[in-house]
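> Could you look at this predicted model? Sequence included:
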Amino acid sequence: MNPFRHLLPHFRREARLFALGVAALLLTDLLEQFLPRLLKRAMDAVQQAGPDAAAHRAALWAVAGWVGLRVLFVALQGLLRWGWRMGLFGMSRKVEYGMRRALFDRLLTLDWTFYRRFRMGEILSRAMSDLAAVRESLGFGWLTLIDGIAVVGLTLGFMFASDARLSLGILWPLLAVPLLVATLGRRLRVLQARAQDQLGELSQAASESFSGARVLHAFARQEEEAGRFGKQAMAYRRRVLAVASVDALYWPLLGLAAAASEYLLLKLGGARMAVHAMSVGDFAMFQSYLVQIGWPVMALGLTGNSYIKGKVSVERLNEIYDARPEVSDPAPGGSAPVPAPGTAGRLEFRGVRCAYDPGNEVIRGFDLRVAPGEWVGLAGGVGSGKSTLLKLPPRLLDPTAGAVFLDGRDLREWPLRALRAQVALAAQEPFLFGETVLENVAFSRADEADRLRAEAEAALLAADLWETVRALPQGLDTLLGEKGVNLSGGQRRRLALARALFARPKVLLLDDVFSAVDTATEARIAPALRLAAPECAVLLVSHRVSTLRLCDRVLVLEAGGVVEEGSPDALIARGGRFREMAGREELARRAGLEG
């Protein structure tokens, strides 16, 4: 499989710019070939000048003419160099931009299964370091390849046309370059891949340290964490130095080959000049050609190095580009129509089974119907499958067996965008963006947040957070810190609840959103929620019986199955697990009061 398959479409889009850059580069190289000949003409004119004053003046005018022509050629080369830099380097920048956009778009489509395999540090390493390596490989790599082939080809042609025998005698040391590239390139590829992997580990360590700063301070582990990060940094340093040690061999070895050719020119050319078989101008011309060919030969060697680094980075990026979400839109023609505004929002689970790993089911044969306006509570111990069930209606996860239906249609038949416009989730660990309160609440319609301030206020009022927000320095326009760091845990969860309400869903999923608020606040929020979303089908997960009493029905889960179901009062009267939960909660409440 072609490793550059994801790069090629972006490269083709910039083919015109690339072609202009190549044309400018080739013209620059062609003009370069005439400079040694102009130097030869000027030196020969001086050498051939006669003894009288008139001959001296004629020689000076000839030299001035050749020098002036050389200056003109150099000026034209300057303009052309600007052209090929804009073409080749501009192309590489635009390809990098296109690949970065495609990478970001791909990351937004991938689901939790991908993020279980790839840590954030590894993703950041690919998005930054690997894309930069691809850009350098494209810009600098194409430059060295085209420039090297063009200059070497043209220079060899001019040299052999002038003196084939001398050219063969002085150029043979440069034949060692291809062997050198092949030998060092294999080693460089392995070392480069290891260095990029270690950079991912280093990025992950930095991300964890910054995100977990509060925990580090709370447990006074700053020095230990600095030591852990230092070890990762030293490991990356060792691997980068290993790459640099191989990379650094190119220049001295290539320079040695060029120096050997210089020595042979001095020896063979000097011998010819001693017997007047070669003019000073010819020697200067060959000297100029040899200097001219030295860089392109080295550049050809560096092309291999650049290609290897770029290929390693492209292969690492392909792991993201080739990833596909397990949850995706239905095939064309098989999707349900976008629902009308009056859609009821009936939610139904039929024989649902779910497993994160094969052979380890979290949900086993779950059945449930939730009518519009009905509140259903989910109770149970840790790991009983409550949060997993809430991932199914918005299709953050698909069941391994059975199906979930909305208004009688299998969720897998709905376009994801249309489905998720009907379902809102207030998560147990909400994520808040480093934007204003208004932009966080109106996230589902962020592009029109400013004209929806009244709706945002109503959602915050229903979540019992409006007074808190109004007391902030800029109210709705107050900028939240990263992940809402300037709000308490309960405030963050209520802000996430307001965000879910603002979306006007038909199905509302509440994952333990009341656990960080007191019972008095909870008592104020519940009726406000009923008023704000009277026709919503609500699934509410909680460990608190006082919260579950707000529901019309409660299901008690154990090991992924339903062990009790009924109204809260009926379950308490029945004397099962739900009553045990209520008893433990009452004992804890009394113990707290007595303390």
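Received the coordinates, thanks. This one's a predicted model, so the numbers in the text were calculated from it and none came from an experiment. Numbering: from 1, shown residues only.

> And the helices in the stretch 401-550 of the chain?
416-420, 437-441, 453-462, 466-470, 489-502, 519-532, 545-548 (DSSP state H, counting those that start in this stretch).

> Need the residues that contact the third one.
What that stands for is helix 453-462. 437-438, 441-442, 449, 466, 469, 476, 495, 497-499, 501-502, 525, 528-529, 531-532 (CB atoms under 8 Å, 6 or more residues apart in numbering). Heads up, the C-betas are built off the backbone N, CA and C, glycines and all.

> elements contacting the helix or strand containing residue 165?
Assigned by DSSP states H and E, residue 165 belongs to helix 131-171. Using 3 or more CB pairs under 8 Å, 6 or more residues apart in numbering; DSSP states H and E as the contact test, the elements touching helix 131-171 are helix 15-47, helix 90-109, helix 222-274, helix 280-321.

> next one: the next helix or strand after it to chain centre, how far?
Following helix 131-171 in sequence order, the next helix or strand is helix 176-211 (DSSP H and E). Relative to its parent chain, helix 176-211 has a centroid offset of 18 Å by CA atoms, centre = their mean, to the nearest Å.

> for helix 176-211, which positions count as buried?
Under the neighbour-count criterion of 16 or more other CB atoms under 10 Å, helix 176-211 has 177, 180-181, 184-185, 188-189, 191-209 buried.

> Equivalent analysis for stretch 142-160, please.
Applying 16+ other CB under 10 Å to stretch 142-160 flags 142-152, 154-155, 158-159 as buried.

> Return the member of those residues nearest to residue 370.
Comparing the buried residues of stretch 142-160 against residue 370 with CB to CB places residue 142 closest, at 59.7 Å.

> these two touch, right, that closest one and residue 17?
No. Residue 142 sits out of contact with residue 17 when judged by CB atoms under 8 Å, with a separation of 11.6 Å.

> what sits in contact with each of those two?
Common contacts of residue 142 and residue 17 (CB under 8 Å, 6+ apart): residue 91.

> okay, the helices and strands packed on helix 131-171, which one's buried deepest?
When the helices and strands packed on helix 131-171 are scored by mean count of other CB atoms under 10 Å, the highest mean neighbour count falls to helix 280-321 (a mean of 20).

> neighbouring contacts of the following helix or strand past that one?
Sequence order places strand 347-357 as the next helix or strand after helix 280-321, per DSSP H and E. Strand 347-357 is touched from outside by 361-370, 385, 388-389, 392-393, 397, 399-406, 408, 507, 537, 539, 560, with contacts defined as CB under 8 Å, 6+ apart.

> repeat that with 7 Å
Contact with strand 347-357 is made by 361-370, 388, 392-393, 397, 399-406, 507, 537, as judged by CB atoms under 7 Å, 6 or more residues apart in numbering.

> Could you find the closest non-adjacent residue to the residue sitting nearest the centre point of the chain?
Residue closest to the average C-alpha location in the chain (CA atoms, centre = their mean): residue 127, at 3.3 Å. Computed as CB to CB, 6 or more residues apart in numbering, the closest residue to residue 127 that is not its neighbour in sequence is residue 103, at 6.0 Å.

> Please list all residues in contact with the one you found.
Applying CB under 7 Å, 6+ apart, we find residue 103 in contact with 127, 317, 320.

> Kindly reformat those as JSON lines containing distance to residue 582 and pLDDT.
JSON lines is the format used below for these (distance: CB to CB, whole Å; pLDDT from 0 to 100):
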{"residue": "127", "distance to residue 582": "50", "pLDDT": "86"}
{"residue": "317", "distance to residue 582": "54", "pLDDT": "90"}
{"residue": "320", "distance to residue 582": "49", "pLDDT": "90"}
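
> Closest to residue 260 out of those?
Using CB to CB, the contacts of residue 103 come closest to residue 260 at residue 317, 40.3 Å.

> Test my guess that that closest one contacts residue 127.
No. Applying CB atoms under 7 Å, one finds residue 317 not in contact with residue 127, separated by 8.6 Å.

> element containing residue 570, please.
Going by DSSP H and E, residue 570 is part of helix 568-574.

> helices or strands up against that helix?
If you count contacts as 3 or more CB pairs under 7 Å, 6 or more residues apart in numbering; DSSP states H and E, helix 568-574 packs onto helix 577-594.

> what pLDDT, on average, does the helix it packs on get?
For helix 577-594, the per-residue pLDDT values average out at 73.

> just stretch 161-176 next, same as before
Averaging pLDDT along stretch 161-176 yields 79.

> how about that stretch: buried residues?
Under the neighbour-count criterion of 16+ other CB under 10 Å, stretch 161-176 has 162-163, 166-167, 170-171, 173-174 buried.

> could I get the residues you listed as a markdown table with distance to residue 281?
Shown next, in a markdown table, are the buried residues of stretch 161-176 (distance: CB to CB, whole Å):
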| residue | distance to residue 281 |
| --- | --- |
| 162 | 11 |
| 163 | 13 |
| 166 | 14 |
| 167 | 17 |
| 170 | 17 |
| 171 | 20 |
| 173 | 25 |
| 174 | 24 |
